[in-house]
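# quick one, fold the following:
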Amino acid sequence: MAPAHTAQAGYVMMSPCNYSKIGCSIIPHAEIKCQFNASNPVKLTYHPDGFAQFSSVKDGTIISGRDEAGNVKGVGLQTSPLSHPIMSGPVANICAWGLQDFLTHTGSLANTIVFDLETLECNKCSPLDANTFIVEIFTIPRPLLRLAKIINANQVVELPYVFNGTRRMFELRVIDIPDKNVFLGVLGMRRKTSFPSTSGWGMGGPGISRPDGTGFNLHALYPSPVGADRSKDLPSLDYCSDNSAWTSL
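Below is the predicted model of the structure:
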């Protein structure tokens, strides 16, 4: 998946996290071991075997995949396979702000999930302060599809998740995946953010967690929030035919 935005260059990383903590965390740049510039947009791919990575929207522009020894080329990690789906929370998310710089959808809206921005729940802010739209995507075992029902003309499934330290029920829009053991649940919300650009998008992918709750997850931000003085020191994720440019993570 990848948003359609005018920003073509961005910042891609695999960042440390602590799944045992509740709420937002500030991660010093020095603790981000894998961070790259990218001159082209990336998309997030989550393979059934659990391999998740950022790869090219336009083929051949971003370093990705694995080499013959199975080492990751680019930014990716091995997480839970879809045969044992992640159930503790979302496996991916997209945030978007400054919607004026996103491409206008001109095709059919058939089979498209449409959210009303004015009625979305606000996360820790008032509707007047909310400036960012967030979509979170969950992988849900297929047997739970029997719980789906129609609410306001949308197929939804109601499931409990811990949110901001409180366990509560959420209405997740249903995206069925034929012939798979999971389906997708989609949650939309709004919140207040303070990104340096007037318009852009961020995308997060699934992660890996150790027994103590620490781990890593995938992130991309377009346009890059990294200043020019730091950006020039970052390696590039742009594809190069020279194998020495591949970076194993």
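# drop to CA atoms for contacts and neighbour counts, all remaining ones
Will do.
# give me the most central residue, this protein.
Taking C-alpha atoms, centre = their mean as the criterion, Gly204 is the residue nearest the geometric centre of the chain, at 2.7 Å.
# let me know whether that one touches Glu136 as I believe.
No - using C-alpha atoms under 8 Å, Gly204 is not in contact with Glu136; the gap is 9.3 Å.
# which neighbours do those two have in common?
Overlap between the neighbourhoods of Gly204 and Glu136 consists of 92-94, taking contacts as C-alpha atoms under 8 Å, 6 or more residues apart in numbering.
# narrow these to those in helices?
Counting by DSSP state H, no part of these is found in helices.
# so which of these sit within strands?
When those are checked against strands using DSSP state E, the ones located there are 92-94.
# quick check: chain neighbours aside, which residue is closest to Arg66?
Val72 (4.5 Å; C-alpha to C-alpha, 6 or more residues apart in numbering).
# so the one you found versus Met14, what's the distance?
Here the criterion is C-alpha to C-alpha, to the nearest Å. By it, Val72 lies 12 Å from Met14.
# quick one on the thing from earlier: would you list the ones in strands among the shared contacts of Gly204 and Glu136 in TSV and tack on neighbour count and pLDDT?
TSV is the format used below for these (neighbours: other C-alpha atoms under 10 Å; pLDDT from 0 to 100):
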residue	neighbour count	pLDDT
Ala92	23	94
Asn93	21	94
Ile94	21	95
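# closest one of those to Ile208?
Ile208 lies nearest to Ala92 out of those, by C-alpha to C-alpha, at 12.8 Å.
# helix, strand or coil for the nearest residue to that closest one once chain neighbours are set aside?
Counting by C-alpha to C-alpha, 6+ apart, Gly205 is the residue found nearest to Ala92 once chain neighbours are left out, at 4.5 Å. Here Gly205 takes the strand state, with states given by DSSP: H, G, I helix; E, B strand; the rest coil.
# quick one: neighbours of Gly205, just the number.
A total of 24 residues lie near Gly205 under the criterion other C-alpha atoms under 10 Å.
# contacting residues for it?
By C-alpha under 8 Å, 6+ apart, the residues touching Gly205 are 44, 52-53, 91-93, 217-219.
# most neighbours, which of the residues you listed?
The most crowded member of those, judged by other C-alpha under 10 Å, is Gln53 (26 neighbours).
# was I right about that residue contacting Ser64?
Yes - counting by C-alpha under 8 Å, Gln53 sits close enough to Ser64 to count as a contact (7.2 Å).
# need the overlap of contacts for those two.
Counting by C-alpha under 8 Å, 6+ apart, the contacts common to Gln53 and Ser64 are 74-76.
# include secondary structure when you put these into CSV, please.
Conversion of the shared contacts of Gln53 and Ser64 to CSV gives the following (three-state DSSP):
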residue, secondary structure
Gly74, coil
Val75, coil
Gly76, strand
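# of the contacts of Gly205, closest to Ala2?
Leu44 (6.7 Å).
# which ones are touching that closest one?
1-2, 52-55, 203, 205 are the contacts of Leu44 under C-alpha under 8 Å, 6+ apart.
# remind me which residues of this protein are low pLDDT?
1, 22-25, 28, 30, 164, 227-232, 240-249 (pLDDT under 70).
# what are the ranges of the strands in it?
Counting by DSSP E, the chain has these strands, from start to end: 10-18, 34-38, 42-46, 51-56, 76-78, 92-97, 132-141, 149-151, 154-163, 166-175, 182-191, 200-209, 214-222.
# quick one: which of the ones you listed is nearest Asp238?
With distances scored as C-alpha to C-alpha, the stretch of those nearest to Asp238 is strand 34-38 (5.7 Å).
# picking that back up, want to try JSON lines for the strands of the chain, with distance to Pro235 as columns?
Written out in JSON lines, the entries for the strands of the chain read as follows (distance: least, C-alpha to C-alpha, whole Å):
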{"stretch": "strand 10-18", "distance to Pro235": "10"}
{"stretch": "strand 34-38", "distance to Pro235": "5"}
{"stretch": "strand 42-46", "distance to Pro235": "16"}
{"stretch": "strand 51-56", "distance to Pro235": "15"}
{"stretch": "strand 76-78", "distance to Pro235": "16"}
{"stretch": "strand 92-97", "distance to Pro235": "24"}
{"stretch": "strand 132-141", "distance to Pro235": "29"}
{"stretch": "strand 149-151", "distance to Pro235": "48"}
{"stretch": "strand 154-163", "distance to Pro235": "36"}
{"stretch": "strand 166-175", "distance to Pro235": "37"}
{"stretch": "strand 182-191", "distance to Pro235": "32"}
{"stretch": "strand 200-209", "distance to Pro235": "20"}
{"stretch": "strand 214-222", "distance to Pro235": "15"}
